[in-house]
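Visitor: Build me a model from this:
(one chain, ligands or ions: 1)
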Amino acid sequence: MIVIDGVDGSGKGVQSRRLLQSLQAQGHAAILTREPGGSPAAEDIRKLLVTGEPEKWDDMTELLLMYAARRAHLRDTVWPALAANQWVISDRYADSSRAFQGIAGNLGLDTVERVHDIAVSEFQPALVLILDLSESIALQRAEDRGGSENRFEKKGAAYHARVRDAFLQIAATDPARYRVIDAAQSRDQVSRAIIDAVNQRFELTLEPTTTGD
Ligand code: TYD
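Guide: Numbering: from 1, shown residues only. Down below sits the predicted model:
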């Protein structure tokens, strides 16, 4: 399982679709999924999380909903795909809970880890790519995209600055599992950096895809 994570508006969507194409172009069986969501039941929970006003849920309720969705996603999508020898690319995973609810949201990392242990136990992705971008550029990009799934964007710039720092802090704890990618580069440069990281980690010879976004 390869996770692409980072601040809102960092380009995870495009880059995870490109990575999927790069894997499939060389005949690797792979699926693309996302959190919150990624299975029919988890997508139902996603709707509760991403719409409405920021105060609708407090950090703890948010965390519990994220983990309810995550467990459904793992059971119904991720674990069956891995058991069938497929690559799983996920647009966000547990580090979003650590960064958003744990560190930026003031629940604290320990609380997230306790819930994580109960809901997920030992399972870990093999590689996590953190797309790093200043919160001002990221929020502008997310705003330009528009849409109604903007409950998190409405939490403001200071919150998102803490989220960015949180991802960097988490990545520094385990350099073998995490790679930080500068997402202020062009899309094609980001794709190249992602492919380099994946090739290095898994001894592959993938080529970046730069079309079909
Ligand atoms: P996402 O669909 O990735 O939104 P975007 O495409 O705008 O980046 O995620 C929706 C929001 O949910 C996003 O603002 C981050 C937040 N989130 C958490 O707070 N905790 C989590 O565990 C996850 C997976 C997402």
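Visitor: Give me the buried stretch members for the helix or strand of the chain at the bottom of the mean pLDDT ranking, please.
Guide: Within the chain, no helix or strand scores below helix 135-145, which has a mean of 84 by mean pLDDT, DSSP states H and E. By 16 or more other CB atoms under 10 Å, the buried positions in helix 135-145 come out as 135, 138, 139, 141, 142. C-betas here are computed from N, CA, C, even on glycine.
Visitor: So the second one versus the ligand, what's the distance?
Guide: When distance is defined by CB to the nearest ligand atom, to the nearest Å, residue 138 is 9 Å away from the ligand.
Visitor: who touches that residue in this structure?
Guide: 7, 8, 9, 10, 160, 164, 183 (CB atoms under 8 Å, 6 or more residues apart in numbering).
Visitor: Let me know the closest of those residues to the ligand.
Guide: Using CB to the nearest ligand atom, residue 8 comes nearest to the ligand of the contacts of residue 138, at 4.0 Å.
Visitor: For that closest one, grab the count of nearby residues.
Guide: 23 (other CB atoms under 10 Å).
Visitor: Might you report the residue contacts of the closest residue to it other than its chain neighbours?
Guide: The shortest distance from residue 8 to any non-neighbouring residue, by CB to CB, 6 or more residues apart in numbering, is to residue 142 (4.5 Å). Applying CB under 8 Å, 6+ apart to residue 142 gives the contacts 8, 9, 150, 153.
Visitor: And residue 133, by the same measure?
Guide: Contacts of residue 133 (CB under 8 Å, 6+ apart): 6, 7, 9, 10, 11, 164, 182, 183, 184.
Visitor: For the residue nearest to it when sequence neighbours are not counted, give me the pLDDT.
Guide: Nearest residue to residue 133, sequence neighbours excluded (CB to CB, 6+ apart): residue 183, at 4.1 Å. Per-residue pLDDT puts residue 183 at 96.
Visitor: so residue 183 touches residue 193, yeah?
Guide: No: taking contacts as CB atoms under 8 Å, residue 183 lies outside contact range of residue 193: 9.2 Å.
Visitor: Now residue 33: phi and psi?
Guide: phi -140, psi 180 (degrees, to the nearest 10).
Visitor: That one: neighbour count?
Guide: Neighbours of residue 33 under the rule other CB under 10 Å: 21.
Visitor: Check residue 211 too.
Guide: 7.
Visitor: Helix or strand: which one has it?
Guide: In the assignment (DSSP states H and E), residue 211 maps to no helix and no strand.
Visitor: tell me the pLDDT at it?
Guide: pLDDT, read off for residue 211, is 71.
Visitor: Fine, thanks again, bye for now.
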